[in-house]
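Colleague: Below are the sequence and a predicted model; questions follow.
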Amino acid sequence: MNPMATVWLFALCAGILAGCGAARPSKYYQLTVLGDMTPVADPNPYPVTLLLGSLTSSHLYREDRIVYSSSGQNMGTYEYQRWVAPPTEMLDEVLFRELRASGRYRVVNSMRSNARGDYLLHGRLYDFKEVSGNLLMARVAVELELKDTKTGATVWTHYYAHDEPVSGKDVSAVVAALDRNVQRLAGELKAGLEQFFSTHPVSSAAQ
């Protein structure tokens, strides 16, 4: 047999055998999101309509792979460990549901709804990853700002950055730590906005 033909035959057989092997299954993870968005009864909600814009970020956090980093600037992604949706989209949903369920605002809408609002909350996601070192951490860093839609002025900003300890060595433990970190972020956002509106009263007639 022609030597070249033998090489091609071997390569074809190897490819067929590899294709017959069982593919490694992917695992998918998600953040904890409030299941019930029925607002808490509040006799005196702030008379404002909040609009939540989508978080911007680098392409890494607009894809579904879980990101890890080590010393220096090295970063990578897990091939078979993934989110059910990109981190930016999951965070949008967590914050939206948290604010709507609080009942502290007349209306809370998403920018995707084509609704109009008095204030626009938007921001940028900088970090959402596993960080390895002496201790394994789950890092979340987000910058948020509230804009008055009538004047275009930024009236409130909040920078959140926190490393949550990971109580384990597998990816599921990292996901659990990132989830705790996000719930902490949601709590800080809710408290920060309530403090702003309590110290900057808005007249119902002005809306």
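Modeller: Noted; the coordinates are in hand.
Colleague: ranges for the strands of the protein?
Modeller: Ranges of strands within the chain are 27-29, 46-52, 56-57, 65-69, 75-83, 105-110, 119-131, 137-148, 154-165, based on DSSP state E.
Colleague: What residues sit buried inside the fifth one?
Modeller: If I follow you right, that is strand 75-83. 81-83 (16 or more other Cβ atoms under 10 Å). From N, CA and C alone the C-beta is placed, and that goes for glycine too.
Colleague: Determine the longest helix present in this protein.
Modeller: Secondary structure of the chain per DSSP state H: the longest helix is helix 171-199.
Colleague: Any idea how far that helix is from the middle of the chain?
Modeller: 11 Å (Cα atoms, centre = their mean, to the nearest Å).
Colleague: Does anything pack onto it? Which helices or strands?
Modeller: Judged by 3 or more Cβ pairs under 8 Å, 6 or more residues apart in numbering; DSSP states H and E, helix 171-199 is in contact with strand 27-29, strand 65-69, helix 87-102, strand 119-131, strand 137-148, strand 154-165.
Colleague: Make CSV out of these and add mean neighbour count and mean pLDDT.
Modeller: Shown next, in CSV, are the helices and strands packed on helix 171-199 (neighbours: other Cβ atoms under 10 Å; pLDDT from 0 to 100):
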stretch, mean neighbour count, mean pLDDT
strand 27-29, 15, 96
strand 65-69, 19, 96
helix 87-102, 20, 95
strand 119-131, 21, 97
strand 137-148, 20, 97
strand 154-165, 15, 98
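Colleague: of all the ones you listed, which lies closest to T49?
Modeller: With Cβ to Cβ as the criterion, T49 lies closest to strand 119-131 of the helices and strands packed on helix 171-199, at 7.6 Å.
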